[in-house]
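1. only geometry, no sequence info:
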């Protein structure tokens, strides 16, 4: 794709100006205040202004605007309450059914059902949802809401939210729906770009048994096929108990990852058993011949397409005119600077340096860059991957068996028998084509879907992923099916659902029947959590810096973006990792597939690690199920309000750092 393809894209044209002149706004405001009294003045001014800002020529002239406002203003609280209740009912059904249609259209692409047909590739681009919000504006439903309820800023929520009751929070969150007015073609372009990147990533597998050392030997077992980056990373993490043989595999995976990031991987290598490849020399052999033509800069072309599609919505979001601001201020409800400060407080902590020395002592060697994924503090560090695979296959030979076992599994986690059955009835387990994900429902009559990779049967890796996704699903079920207001369904941002997922994932061995290791296990958990936060913190900063670079260089080519990503990853590494690992100019932090297809998602993992550590003590105090439900049912408050209600304090890295410090001191 040419770098300048989007330069003349009509989606990047200036946002349609309001069709309503200031004089018309003042006339309507004066008329409504005269009709309803000065007590309504502030609400009237705000409501009329909100409507005028989003009223385009296609919505009608100033006379229609005036008559609409005069006729549709709801002066009585009882009328407002009735309006909110009906909007919630209607939007739940509209969103829910369209969500189910989208899930069905994507099913052959998302699930491991064999080759994807031509018609299925086309069907995934059908996006009925893209038209819904514009239809709500054209039908004047959105304008009715804008006239009568405020669209709150993040600043207002942070200042006033502590005084709001649940009804006020629900109304505030309902109005997020109408804060922006993005045309359907722009939304469809975003959906196409993300779907295309998703499929590229879902199909990015490496046939590990075809990898070769320079001497021609292959260390990986027959049939091992791993997705990048999840499978490669987890395979690397699982080999710390194999001594020199494991180290050889880890170094080979490390070379594979670097080739992928630098886009040096041979084009013929991706997901094919027909060639052998030496990652160290980058040579391939097929049918007795050699060659190493690299993959084009496809990875970075997809990232550019996602960026440009998101940027095309900028003109329609005057309050947050870049995707970066929308992601942090509207989605996360935490400013970018605050997220970076949280991450840096981990990266720059003395506890990280002390922990790195401890890891090197355990390994009996100097740290290498891939040790950023050291897993020796996790309970499974004492057990081989093969042993864990045997246990998993005995318990859950298929995803269907995992589905059947959900009630007992949830009971083992600490949910009551009644709640375990209730949750299991609302979760469907599917075999994922990609690494796995959790797809919640949007209406209470539907079910959440748990997708885990199970190509050839469930392994420990797929079970570990399933436990992570189960954490998401349980949160999704509680925060939708057990919530008091549909508009509050969910959690403050994806970092919080990641926090629950991390807690579930950390208990995977317990569910498999391996006993807890007591106080030592708690200390190890603190150390592993800090090391994980350190790793994902750098990955998150790379994601953030890449998006800022793309905004500064919107006409970049895929090759220019590739060079920038490599440079940024090395810059972050050199500042916060090279002093620990003793090696400079490593681009490993850019390996995460989320960087390509998840549109600035990675900082949620960093926040999620921090939040998970604060939440975990509440969940492990003997009332796991009850506490999980209580927290999930808080709903979509601001992160600060949610955290204070859930744990009694604000989001902070201090609990994690203090626990790690205590663990390090206890093991001296």
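-> Right, received. Where do you want to start? Keep in mind the model is a prediction, meaning the values are calculated, not measured.
2. pLDDT weak spots in this structure?
-> Applying pLDDT under 70 to the chain flags residues 1-17, 287-292, 379-382, 456, 516-518, 621-622.
3. In space, what's closest to the residue nearest the centre of it - neighbours in sequence excluded?
-> The geometric centre of the chain, computed from its C-alpha atoms, lies nearest to residue 601 (Cα atoms, centre = their mean), at 4.7 Å. For residue 601, the nearest residue in space outside its immediate sequence neighbours is residue 594; the separation is 5.0 Å by Cβ to Cβ, 6 or more residues apart in numbering. Placement of C-beta: from N, CA and C, glycine included.
4. Pull the contacting residues for residue 250.
-> By Cβ atoms under 8 Å, 6 or more residues apart in numbering, the contact set of residue 250 is 236, 239, 368, 370.
5. before we move on, which element is the first one in?
-> So the one you mean is residue 236. For residue 236, the enclosing helix or strand under DSSP states H and E is helix 230-237.
6. Please enumerate the strands of the stretch 101-250 of the chain.
-> Across the stretch 101-250 of the chain, reading from the start of the chain, the strands by DSSP state E, counting those that start in this stretch fall at 205-207, 225-227.
7. for the chain, same thing?
-> 205-207, 225-227, 276-278, 283-286, 289-291, 427-432, 436-439, 448-453 (DSSP state E).
8. For residue 195, which of those strands is the nearest?
-> Between residue 195 and the strands of the chain, the tightest spacing by Cβ to Cβ is seen for strand 436-439, at 13.6 Å.
9. partner strands of the closest one, parallel or antiparallel?
-> Each strand pairing with strand 436-439, determined using DSSP bridges, is listed with its direction: strand 448-453 (antiparallel).
10. centre of the chain versus the partner strand, how much separation?
-> For strand 448-453, the gap between its own C-alpha mean and the chain's C-alpha mean amounts to 15 Å (Cα atoms, centre = their mean, to the nearest Å).
11. Is residue 183 in contact with residue 190, as I believe?
-> No - at 11.2 Å, residue 183 and residue 190 do not qualify as touching, with contact defined as Cβ atoms under 8 Å.
12. if we can go back for a sec, out of the contacts of residue 250, who has the most neighbours?
-> By neighbour count, taken as other Cβ atoms under 10 Å, the most surrounded of the contacts of residue 250 turns out to be residue 236 (26 neighbours).
13. give the contact list for the closest residue to that one other than its chain neighbours.
-> The shortest distance from residue 236 to any residue other than its chain neighbours is 4.6 Å, reached at residue 253 (Cβ to Cβ, 6+ apart). Contacts for residue 253 were tallied using Cβ under 8 Å, 6+ apart; they are 232, 235, 236, 370.
14. Now the last one: closest residue in space that isn't a chain neighbour?
-> Which is residue 370. residue 254 (4.3 Å).
15. do the second one as well
-> Residue nearest to residue 235 in three dimensions, not counting chain neighbours: residue 226, with 5.6 Å by Cβ to Cβ, 6+ apart.
16. beta partners for the one you found?
-> Taking DSSP bridges as the rule, residue 226 bridges to residue 206.
17. ok now do it, which residues does it touch?
-> When contacts are taken as Cβ under 8 Å, 6+ apart, residue 226 is in contact with 205, 206, 208, 232, 234, 235.
18. and of those, the nearest to residue 455?
-> Minimum separation from residue 455 among the contacts of residue 226 (Cβ to Cβ) is found for residue 205, which lies at 8.9 Å.
19. tell me which residues in stretch 551-567 are buried?
-> Using 16 or more other Cβ atoms under 10 Å as the test for burial, stretch 551-567 gives 556, 557, 558, 560, 561, 562, 563, 564, 565, 566.
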